[in-house]
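Chemist: structure of the sequence below:
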Amino acid sequence: MYPDFNNQQQTPPPYYGGAAVARQANSVMKRVYVRMFIGLLVSAFCALGVASSPAALNFVFGNAIMRWGILIAMFAMAFIIPARLGKMASGTVLILFLVFSALMGTWMSAIFLAYKMSAIVATFFITAGTFGAMTVYGYFTKTDLTKMGSFLMMALFGLIIAMIVNIFLHSGTMSYIISIIGVLIFTGLTAWDTQQVKQLAAANLDPALADKLATMGAMNLYLDFINLFLFILRIFGGSRD
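Modeler: Predicted coordinates:
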């Protein structure tokens, strides 16, 4: 999920000792959470903006090319950004993350048509509480979550396959089970991703690489939050009917 910074062709930065490393790690983590919050704000404004405009909704969801184009663009960016991280400038990585957030918000505008606003708001606070608790755990725990993370990543691939299969089955029961499993997976991934970015941030990286790490960490935690939110909404959101 994170690029291997240790294999980048660069001159190793000087080692300044534990206090300097701790300061860098804290600095990176602050940037991670700030950028993640900015990404969520961008998504929220885009979602509300599209949902409040019938013309925009028709342009996005009434046009198959636009609808699939946004989806394909998000999947492509999710793979391209980490793969090309070492060759891009820090500012470029941040801009791409914000573009990704805008596309995600545009895509998520449909939830305002499917669910009541009260359900969306309630789900947001449930998600925020769950996410907050797990990211705090991932940050402070002394337990190595590597094995758990590897298991959760394998489970995630299985979940994606199940979701694709259910597109054709249209099973309500299977959809409910998938949502529960999705909540469990992304709850665990939140803790694992937090520990991963904290460990990398403490690796005494070059400042430019540390800044890229902050954006990449923000993107991973952003995706954990968004997926957790959507799966919880499917379980407790009900519908407008």
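
Chemist: check the offset of the helix-or-strand element of the chain with minimal mean pLDDT from the chain's centre.
Modeler: Taking mean pLDDT, DSSP states H and E as the measure, the chain has helix 18-51 as its least confident helix or strand, at a mean of 90. Distance of helix 18-51 from the chain centroid (C-alpha atoms, centre = their mean, to the nearest Å) equals 11 Å.

Chemist: next: stretch 219-228.
Modeler: From the chain centre to the centre of stretch 219-228 is a distance of 2 Å (C-alpha atoms, centre = their mean).

Chemist: neighbouring contacts of that stretch?
Modeler: Judged by C-beta atoms under 8 Å, 6 or more residues apart in numbering, the contacts made with stretch 219-228 from elsewhere in the structure are 1-2, 32-33, 36, 39-40, 43, 78, 81, 97, 100-101, 104, 108, 127, 130-131, 135, 182-183, 186-187, 189-190, 193-194, 196-197. In this view, the C-beta of every residue, glycine as well, is placed from N, C-alpha and C.

Chemist: average pLDDT for that stretch?
Modeler: Throughout stretch 219-228, pLDDT has a mean value of 97.

Chemist: one more: stretch 129-145?
Modeler: Predicted confidence along stretch 129-145 averages 96 (mean pLDDT).

Chemist: equivalent analysis for stretch 73-84, please.
Modeler: Stretch 73-84 comes out at a mean pLDDT of 93.

Chemist: can you show me the strands along this protein?
Modeler: Under the criterion DSSP state E, the chain carries no strands.

Chemist: and the spatially closest residue to S90 that is not a sequence neighbour, how many neighbours?
Modeler: With sequence-adjacent residues excluded and distances taken as C-beta to C-beta, 6 or more residues apart in numbering, S90 is closest to D211, at 4.3 Å. The number of residues packed around D211, counting by other C-beta atoms under 10 Å, is 20.

Chemist: export stretch 175-185 as CSV, just CAs?
Modeler: Presented in CSV, the C-alpha positions along stretch 175-185 are these (Å, rounded to 0.1, in the frame of the first residue of the first chain):
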residue,chain,number,x,y,z
SER,A,175,-25.2,-7.2,0.3
TYR,A,176,-25.8,-6.9,4.0
ILE,A,177,-23.1,-9.4,4.9
ILE,A,178,-20.7,-7.7,2.5
SER,A,179,-21.3,-4.4,4.3
ILE,A,180,-20.7,-5.9,7.8
ILE,A,181,-17.4,-7.5,6.5
GLY,A,182,-16.5,-4.2,4.9
VAL,A,183,-16.9,-2.3,8.2
LEU,A,184,-14.7,-4.8,10.0
ILE,A,185,-12.0,-4.7,7.2
